[in-house]
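Novice: mind folding the following:
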Amino acid sequence: MYYGILIVTLSKKTTNIKNNLFTKISTKLKWLNDQLSQFELLLMPYLNRHGISRSHVQNYVKSGWLEVVVSGVYKKPSQNISWSSALAALQLQQVSTLHLAGLSSLAHQGVSHY
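Specialist: So this is what the prediction gives:
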């Protein structure tokens with residue numbers, strides 16, 4: 001009799017663990033999709049800060065959710081990347097003080113003829 005209660009309790013706990021795991025995975029995928037709509041590129045340190053490990057990223061690459069641009073940089077599959085999105089990813093995800101300068105800055109502002 002006690003064995004039957006133990007088996008039912010374990011199966012409920014296993015089901016709860018599976019449901020929690022599925023919820024965490026779907027929450028991470030939703031966050032990832034939201035970030036990909038905001039940024040064209042996602043950097044590995046940025047993903048790590050938000051709880052997405054390298055093994056998760058590798059699984060997302062294998063399943064077709066992400067595509068590797070270079071080591072540690074990911075994008076949506078078949079998405080074209082602009083230089084401005086690469087700069088924005090470095091500025092906002094790395095929290096670095098990169099700036100567009102020189103002729104590139106002038107061209108971006110539409111005054112490259114000076």
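
Novice: how about low-confidence regions in the chain?
Specialist: Residue ranges of the chain with pLDDT under 70: 1-26, 95-96, 98-109, 112-114.

Novice: change it to 50
Specialist: 1-10, 18, 21-22 (pLDDT under 50).

Novice: and the helices in it?
Specialist: For the chain, the helices defined by DSSP state H cover 2-38, 44-49, 54-62, 83-93, 102-108.

Novice: may I see the buried residues of the third one?
Specialist: Counting neighbours by 16 or more other CB atoms under 10 Å, one finds that the buried residues in helix 54-62 are 56-57, 60. Bear in mind the C-beta positions are built from the backbone N, C-alpha and C, glycine included.

Novice: what packs against it?
Specialist: Counting contacts by 3 or more CB pairs under 8 Å, 6 or more residues apart in numbering; DSSP states H and E, helix 54-62 packs against helix 2-38, helix 44-49, strand 73-75.

Novice: just to revisit the earlier point, output the buried residues of helix 54-62 as a markdown table; include the columns distance to residue 73.
Specialist: Converted to a markdown table, these look like this (distance: CB to CB, whole Å):
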| residue | distance to residue 73 |
| --- | --- |
| 56 | 16 |
| 57 | 11 |
| 60 | 14 |
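
Novice: against residue 111, how distant is the closest residue to residue 35 other than its chain neighbours?
Specialist: The shortest distance from residue 35 to any non-neighbouring residue, by CB to CB, 6 or more residues apart in numbering, is to residue 42 (5.9 Å). In this view, residue 42 and residue 111 are 32 Å apart by CB to CB, to the nearest Å.

Novice: who has more neighbours, the two?
Specialist: More crowded of residue 42 and residue 111, by other CB atoms under 10 Å: residue 42, with 24 against 9.

Novice: list the contacts of the more buried one.
Specialist: Applying CB atoms under 8 Å, 6 or more residues apart in numbering to residue 42 gives the contacts 32, 35-36, 66, 73-75, 89, 93.

Novice: of these, which is the nearest to residue 83?
Specialist: Of all these, residue 83 sits closest to residue 89, with 10.7 Å by CB to CB.

Novice: what's the neighbour count on the closest one?
Specialist: 19.

Novice: what about it, distance to residue 110?
Specialist: 23 Å.
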